[in-house]
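Enquirer: Curious how this folds, go ahead:
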Amino acid sequence: MSFLQPALLMALPLITLPLIIHLINQRRYQTVQWGAMMFILAANRMSRGYARIRQWLIMAARMAAIGALLFAVSRPLAGGWLGFTGAGKADTTLILLDRSPSMQQGAAGSGGSKLESGRRQLVTTLNTLGSNRYVLIEAGTNTVRELAKPEDLLNSTGAEALSAPSDLPAMLDVAKEYIKANKPGRTEVWICSDVRRDDWSPDDGRWRTVREGFLGFPQGVRFHLLAYPKDAPENLSVRVTNVRRVKSGDSAELLVSLQLTREGSEAARAVVPINFEIGGARSEFPVEMPGQKFELKDHRIPLERGRERGWGKVSIPADANPADNTFYFAFDQPAPRKAVVVAEDTQTARTLQLAASVSPDPALKCSAEIVQPEQLAAVEWESVSLLLWQAALPEGDAAKLVKTFVDRGGRVIFFPPRAGGGGEFLGAKWTNWENRPQDAAVETWRGDQDLLANTLSGAALPVGELQIRNTCALSGDFTPLASVRGGAVLLARVTTNTGGVYFCSTTPASSDSSLATNGVVLYVLVQRAQAAGAEALETTRQLLAGDPAGEDPSVWKRLAGDGEAVSTEYPLHAGVYSAGERLLAVNRPPAEDLAPVLADDVVAGLFNGLDFSRVDAKEGSLSSLIEEIWRVFLIAMMTALIVEAGLCLPKAVRVSGAPS
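Expert: Got it, this is the predicted structure:
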């Protein structure tokens, strides 16, 4: 059992007070032998057993009344999972709300989402428990906001739903730094989440640092998770995968490709009406969805004559989660894609030039130029989307030019020089070449994201068919994207704020690998990097919520989307925004569509060693997480007093011979 005022339980020894009084009264009298009383005592021996039992029952009733009173004033709680025994009122309560799109899922007929239900239940619970200070760690921005009272959760902009994921490790790190800086007394940390993998990142190394930080605090820190793990098997999500404007005779058309996804392993065949809206014009196109996924490729929508750029949205009927029923997009004539190749090996340079200059779409103009390192200053970087570099890593002025290009949003792929070593870029550098006696296959690669991700249909790239003969070891801070048998890194990405920097540990030369002869992987890798770099050159961009990707949100103006969103949080809300002459479409990340729920033991392991408790709730539920039950003990006290009074009444005596 839990108590809000556990200190009052220290008075429980007062339960023995009736027994102590009884023993004291026993010592007040001295036994004196008196012959006349001996006959009376002998007469009473027959009823002594009943009298003694009644005396003990009276004493037990008095002790029960005192105990019930003490329990009542200690304010007992129903809901022992809170573990508040011996704790009392918290000095500071930190609140971490998961505001990701999956938290907008609601129960059928309830009218309340997971986020709304969690906020209401937290308000009720925190009002009951009390605290000297309430602090909200805002998801998305990871900023700290103090609340005057728990009810502020219901109308605070920092507690509203977002289109961006929640970074739980980062939010807990902010909470840790707050405790470290403010040094509060006993602290409670309340987390409300649907425990989706993309929000919790259980494999992230930050969890260990956060856990060790909390373990080092001298004051007590308790963690309580209010979880909403239930998914919605029939929920549908829509995502636009590609938008292209093409000429059609004297007019133009927009080719829209999209993907429908349904949660759950089993899905029945269903007809889904898809609504398209472009420039105020609406159209509907019903599709038959046979299973869990469906792809619609190049759906043609006529455009007005002379309309070269604009924006629109695709939507499906409302279901369990409204956050994934709409997807925004912006379109324009595609910007030309230009690559610059710097290579010390002539054959490698030509191979890379060919991979970058062959367009995957006749409507796209792709070109590649081979230059020498000393010619970099003359390159028109404003029109370049990709840099392919097979030489010693850039240094001095060349490194500054490349760094500026990356900061602008460009992409760079480094291939190792023949001599190995040679400089350092963004903390990574080549070391020594490693010769492999037998051709080594690629053992692992990231098929869920980045340059080697699966195709839109879900098919994997033939990365496993590559033969790697020589690799150059890479040292520094990077994220491996592919590794060959034996553990050597084949492709890695260096962390950058904008743009992208990749290192491929082999070259397309036939003596090093089969990248050129089996050219599918090399071509896709180069074209994906070039497409990503070209986005920074276009007047329209598709952005993931939460990542402005080098844009300045302070100049954004909303054209479509959540009308309640404040301007400082535009990058966190799905919609279309203008930034000068640029059109920006912001949408939820792909991981939010089918993010798996973490297993209970995985979540418990993240808080290993910490004072952690969890309760699972259901969206739409208005029941309180805890309830004070002091009234039960008051009723028990009154019942004990009534029993005691009844036992104290004198026994009724019938007078012999009394008139009837």
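Enquirer: can we go C-alpha only for contacts and neighbour counts from here?
Expert: OK.
Enquirer: Low-confidence stretches in this protein?
Expert: By pLDDT under 70, the weakly predicted segments of the chain are 1-7, 26-51, 75, 77-88, 107-111, 265-267, 437, 456-457, 619-630, 651-660.
Enquirer: the longest strand in it is where?
Expert: When the chain is parsed with DSSP state E, its longest strand is strand 428-445.
Enquirer: Against which helices or strands is it packed?
Expert: Packing partners of strand 428-445 (3 or more C-alpha pairs under 8 Å, 6 or more residues apart in numbering; DSSP states H and E): strand 467-476, strand 479-484.
Enquirer: which other residues reach it?
Expert: Strand 428-445 is contacted by residues 393, 416, 420-424, 452, 463-478, 481-485, 490, 494 when judged by C-alpha atoms under 8 Å, 6 or more residues apart in numbering.
Enquirer: Mind checking which of those residues are buried?
Expert: By neighbour count, with 16 or more other C-alpha atoms under 10 Å, those hold 393, 416, 420-421, 424, 452, 463, 466-474, 478, 481-484, 490, 494 as buried.
Enquirer: The residue most central in space within the chain and residue 140, how far apart?
Expert: Central residue check for the chain by C-alpha atoms, centre = their mean: the C-alpha nearest the mean position is that of residue 199, 1.7 Å away. Counting by C-alpha to C-alpha, to the nearest Å, the separation of residue 199 from residue 140 is 11 Å.
Enquirer: Spell out which residues are contacts of both of those two.
Expert: Common neighbours of residue 199 and residue 140, using C-alpha under 8 Å, 6+ apart, are 165, 166, 167.
Enquirer: Please work out how many residues are found near residue 601.
Expert: Residue 601 is flanked by 8 other residues according to other C-alpha atoms under 10 Å.
Enquirer: Okay, it and residue 228: tell me how far apart.
Expert: Residue 601 is 15 Å from residue 228, by C-alpha to C-alpha.
Enquirer: what do you get for residue 468?
Expert: Distance check for residue 468 against residue 228: by C-alpha to C-alpha, it reads 46 Å.
Enquirer: do the same with residue 247
Expert: Residue 247 is 49 Å from residue 228, where distance means C-alpha to C-alpha.
Enquirer: between the two, who's got more neighbours?
Expert: In terms of neighbours (other C-alpha under 10 Å), residue 228 is the more surrounded of residue 247 and residue 228; the figures are 23 against 13.
Enquirer: List the contacts of the nearest residue to that one once chain neighbours are set aside.
Expert: Leaving aside its sequence neighbours, residue 228 sits nearest to residue 194 (C-alpha to C-alpha, 6 or more residues apart in numbering; 4.4 Å). Residue 194 sits next to 98, 102, 103, 114, 227, 228, 229, 230, 597 when contact means C-alpha under 8 Å, 6+ apart.
Enquirer: repeat that with 6 Å
Expert: Counting by C-alpha atoms under 6 Å, 6 or more residues apart in numbering, residue 194 touches 227, 228, 229.
Enquirer: Ramachandran angles for residue 568?
Expert: Dihedral angles of residue 568 (phi, psi; degrees, to the nearest 10) stand at phi -70, psi -10.
Enquirer: Sorry, wrong one. I was asking about residue 178.
Expert: Residue 178 adopts backbone torsions of phi -60, psi -50, taken as degrees, to the nearest 10.
Enquirer: For it, give its distance to residue 239.
Expert: Using C-alpha to C-alpha, residue 178 is found at 38 Å from residue 239.
Enquirer: Please name the nearest non-neighbouring residue to residue 468.
Expert: Closest to residue 468 by C-alpha to C-alpha, 6+ apart is residue 513, at 4.5 Å.
Enquirer: now residue 135
Expert: residue 146 (4.4 Å).
Enquirer: State the distance from the closest residue to residue 607 other than its chain neighbours to residue 222.
Expert: Nearest non-adjacent residue to residue 607, counting by C-alpha to C-alpha, 6+ apart: residue 211, 6.8 Å away. Per C-alpha to C-alpha, residue 211 is found 12 Å from residue 222.
Enquirer: Go through stretch 503-515 and flag the buried ones.
Expert: 503, 504, 505, 506, 507, 508, 509, 512, 513, 514, 515.
Enquirer: from what I can see the fourth one touches residue 474, true?
Expert: Put plainly, it is residue 506. No - with contact defined as C-alpha atoms under 6 Å, residue 506 does not reach residue 474; the gap is 10.7 Å.
Enquirer: if I read this right, residue 106 contacts residue 115, doesn't it?
Expert: No - counting by C-alpha under 6 Å, residue 115 is not a contact partner of residue 106; they are 8.8 Å apart.
Enquirer: Out of those two, name the residue with the larger neighbour count.
Expert: Shown here are residue 106 and residue 115; by other C-alpha under 10 Å, residue 115 has more neighbours (28 against 24).
Enquirer: What about the spatially closest residue to the more buried one that is not a sequence neighbour, how many residues nearby?
Expert: Take residue 115 and drop its neighbours on the chain: the residue closest to it by C-alpha to C-alpha, 6+ apart is residue 103, 5.4 Å away. Using other C-alpha under 10 Å, the number of residues around residue 103 comes to 28.
Enquirer: helix/strand/coil for residue 103?
Expert: With DSSP: H, G, I helix; E, B strand; the rest coil as the basis, residue 103 sits in helix.
Enquirer: Quick check: it vs residue 607, distance?
Expert: 22 Å.
Enquirer: again, but for residue 508
Expert: Distance of residue 508 to residue 607, computed by C-alpha to C-alpha: 46 Å.
Enquirer: Show me the helices in the stretch 301-450 of the chain, by range?
Expert: Under the criterion DSSP state H, counting those that start in this stretch, helices of the stretch 301-450 of the chain are mapped to 346-357, 396-407.
Enquirer: Same check on the stretch 451-600 of the chain?
Expert: Under DSSP H, counting those that start in this stretch, the stretch 451-600 of the chain gives helices at 520-535, 600-606.
Enquirer: Which one, of the ones you listed, ends up nearest to residue 572?
Expert: With C-alpha to C-alpha as the criterion, residue 572 lies closest to helix 520-535 of the helices of the stretch 451-600 of the chain, at 19.6 Å.
Enquirer: What are the contacting residues of that closest one?
Expert: Residues contacting helix 520-535 (C-alpha under 6 Å, 6+ apart): 355, 385, 386, 410, 411, 451, 515.
Enquirer: Ok, stretch 569-581 next?
Expert: Contacts of stretch 569-581 (C-alpha under 6 Å, 6+ apart): 162-164, 545-546, 548, 555-561, 583-587.
Enquirer: One more: stretch 54-64?
Expert: Under the criterion C-alpha under 6 Å, 6+ apart, residues 15, 640, 644 lie in contact with stretch 54-64.
Enquirer: would you turn the residues you listed into CSV with distance to residue 405 and secondary structure?
Expert: Formatted as CSV, the contacts of stretch 54-64 follow (distance: C-alpha to C-alpha, whole Å; DSSP: H, G, I helix; E, B strand; the rest coil):
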residue, distance to residue 405, secondary structure
15, 79, helix
640, 82, helix
644, 88, helix
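Enquirer: Of these, just say which sits nearest to residue 499.
Expert: The nearest member of the contacts of stretch 54-64 to residue 499, counting by C-alpha to C-alpha, is residue 15 at 72.0 Å.
Enquirer: What about the residue lying closest to that closest one once chain neighbours are set aside, how many residues nearby?
Expert: Closest residue in space to residue 15, ignoring its immediate chain neighbours: residue 63 at 5.0 Å, by C-alpha to C-alpha, 6+ apart. Residues lying near residue 63 (other C-alpha under 10 Å) number 20.
Enquirer: what does stretch 222-234 rub up against?
Expert: 188-194, 263-264, 611-618.
Enquirer: show me what contacts residue 362?
Expert: For residue 362, no contacting residues are found, by C-alpha under 6 Å, 6+ apart.
Enquirer: oh sorry, the question was meant for residue 505
Expert: Residue 505 makes contacts with 471, 472, 490, as judged by C-alpha under 6 Å, 6+ apart.
Enquirer: Can you tell me, leaving aside adjacent residues, what's nearest to residue 238?
Expert: residue 260 is the one closest to residue 238 (C-alpha to C-alpha, 6+ apart), at 4.7 Å.
Enquirer: Since that was my last question, I'll sign off now.
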